[in-house]
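[1] mind looking at a prediction? Sequence and model below.
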Amino acid sequence: MIKYSVIIPVYNMEKYITECIESIYKEKRDDIQVIVINDGSSDNTYAICNELGKKYSNLELINKKNTGSMDSYIIGIDDAIGEYTCFLDSDDYLEDNYFETLDKYISYNSDILLFDYYKCSKSNKEYCKINAIPYGLINDHTLSMLKDDYFGNYEKYSFYRWNKIYKTSLLKKVRGNINFRVTYFEDLFLELLVLERTNTIYYIKEPLYDYRLRKSSVTHNVSTKVFDDNRLMRSELLKHMQLTGYRQRSIVNMEEYMDYGYIRYYLRSNDKQKRIAIPSSMILKNRHPAHIRLILIYKLHLTKLFKIALQMRNSKSSCLDLFD
């Protein structure tokens with residue numbers, strides 16, 4: 001019986017993909033399914049994955065045209081046969097005790113298992129905890145709060161798909177409800193759909209995932225598509241939340257969060273993007289200090305000053321991005 005399916009979308013990651021995949025096999029197990037989806041890589045990624053597929057009999061390599069990460073997730077979910085499914089980004093890696101630790105907690109039969117993680121740079125490994133949620137079983141009042149105000153609680157729940165494992169049956173239920181495709185911000189819609197249908201979450205008090213910080217990532221190299229995807233995701237979330245009957249405060253939180261993401265990338269970008277209209281009233285009603293600071297910088301046209309501050313901050317530690 002397969003207990004865990006691991007989905008790894010990959011695009012041009014020849015430098016990191018071996019370490020990523022090998023981290024799964026540090027624990028000698030025969031109850032894991034590994035699904036690698038090559039999203040039309042133009043470097044040696046596919047060849048490397050193909051060789052690793054010869055080495056590991058439970059590694060399935062799927063090759064497709066470059067249509068983006070959301071398509072890769074959906075293909076992986078369709079192919080998953082494990083009781084639980086986890087997502088692994090192709091430049092990240094798992095802690096040595098990842099599956100052994102999960103084994104201790106799946107007996108709670110939770111829909112989602114959430115855990116802490118490390119942010120890793122060349123010189124630093126920082127332990128990151130999810131804020132303000134007690135460890136252990138989350139249901140009833142706490143879970144209702146998370147569902148009711150998903151975007152207002154994002155620091156508590158964490159939108160990342162990679163610091164959780166999900167019941168595969170739950171992912172298969174929601175995957176058909178995604179009728180659009182983006183490359184960036186793709187976690188948000190899937191996570192919202194899953195959380196809406198979740199009855200219990202178990203929060204594990206251990207860092208099980210290593211998230212690699214790279215200066216060549218989207219945080220540092222912003223393309224026009226980031227902004228297009230932000231606007232598309234904002235529109236689709238708004239449509240879904242209105243049809244599903246979310247309260248207005250939750251919708252406002254979502255719009256503020258998406259606008260905050262847009263501003264973050266705008267300030268980092270060298271492209272001349274069209275500025276979106278951010279009302280001054282957002283500063284007064286916004287509850288997050290980092291959001292307020294970033295909106296002020298944006299509205300006051302202090303982009304150059306922000307980039308200097310960001311460069312100075314990153315030169316000290318790549319784990320500390322300004323206003324992340």
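    Here it is on my side, so go on. Values in this document were obtained by computation on a predicted structure and should not be read as measured data.

[2] helix or strand: which one has the nearest residue to Tyr209 once chain neighbours are set aside?
    Sequence neighbours aside, Tyr117 is the residue nearest to Tyr209 in space, at 4.1 Å (criterion: CB to CB, 6 or more residues apart in numbering). C-beta here means a position set from N, CA and C on the backbone, and glycine is covered the same way. Using DSSP states H and E, Tyr117 sits within strand 112-120.

[3] chain center to that strand: distance?
    For strand 112-120, the distance between its averaged C-alpha position and the chain's averaged C-alpha position is 11 Å (CA atoms, centre = their mean, to the nearest Å).

[4] what's the first helix or strand after it?
    Heading C-terminal from strand 112-120, the first helix or strand you meet, by DSSP H and E, is strand 125-128.

[5] follow-up on the earlier one: what is the strand holding Tyr117 packed up against?
    When contacts are defined as 3 or more CB pairs under 8 Å, 6 or more residues apart in numbering; DSSP states H and E, strand 112-120 packs onto helix 98-105, strand 125-128, strand 164-167, strand 201-212.

[6] just the residues contacting the first one, thanks.
    By that I understand helix 98-105. By CB atoms under 8 Å, 6 or more residues apart in numbering, the list of residues contacting helix 98-105 from outside reads 3-4, 23, 27, 29, 32, 84, 95, 113, 115, 165, 202, 204, 206, 208-209.

[7] now with 10 Å, please.
    Contact partners of helix 98-105, identified using CB atoms under 10 Å, 6 or more residues apart in numbering, comprise 3-4, 6, 23-24, 26-27, 29, 31-32, 84, 86, 88, 95, 97, 113, 115, 136-137, 165, 202-204, 206-210.

[8] go on, stretch 46-60?
    Residues external to stretch 46-60 that are found in contact with it (CB under 10 Å, 6+ apart): 2, 5-6, 8, 10, 12-15, 17-18, 20-22, 24-25, 29-41, 44, 61-63, 76, 79, 90.

[9] among those, which are located in strands?
    Counting by DSSP state E, the part of the contacts of stretch 46-60 found in strands is 5-6, 8, 10, 32-39, 61-63.

[10] tell me where the model's unsure across the stretch 1-150 of the chain.
    131-132 (pLDDT under 70).

[11] try it again at 80.
    Residues of the stretch 1-150 of the chain meeting the criterion pLDDT under 80: 122-123, 131-132.

[12] ok, now the stretch 201-324 of the chain?
    Low-confidence segments of the stretch 201-324 of the chain, defined by pLDDT under 80, span residues 214-223, 270-274, 281-290, 307, 309-324.

[13] which residue ranges form the helices in it?
    Listed in chain order, the helices of the stretch 201-324 of the chain (DSSP state H, counting those that start in this stretch) span residues 224-244, 248-268, 281-285, 289-299, 303-316.

[14] make CSV out of these and add mean neighbour count and distance to Phe189.
    Formatted as CSV, the helices of the stretch 201-324 of the chain follow (neighbours: other CB atoms under 10 Å; distance: least, CB to CB, whole Å):
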stretch, mean neighbour count, distance to Phe189
helix 224-244, 16, 6
helix 248-268, 19, 11
helix 281-285, 12, 23
helix 289-299, 17, 21
helix 303-316, 13, 28
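
[15] and those: which comes nearest Asn177?
    The stretch from the helices of the stretch 201-324 of the chain with the least distance to Asn177 (CB to CB) is helix 224-244; that distance is 8.3 Å.

[16] report all helices and strands that the closest one contacts.
    Contact here means 3 or more CB pairs under 10 Å, 6 or more residues apart in numbering; DSSP states H and E; on that basis helix 224-244 packs against helix 186-196, helix 248-268.

[17] thanks again, I'm all set now.
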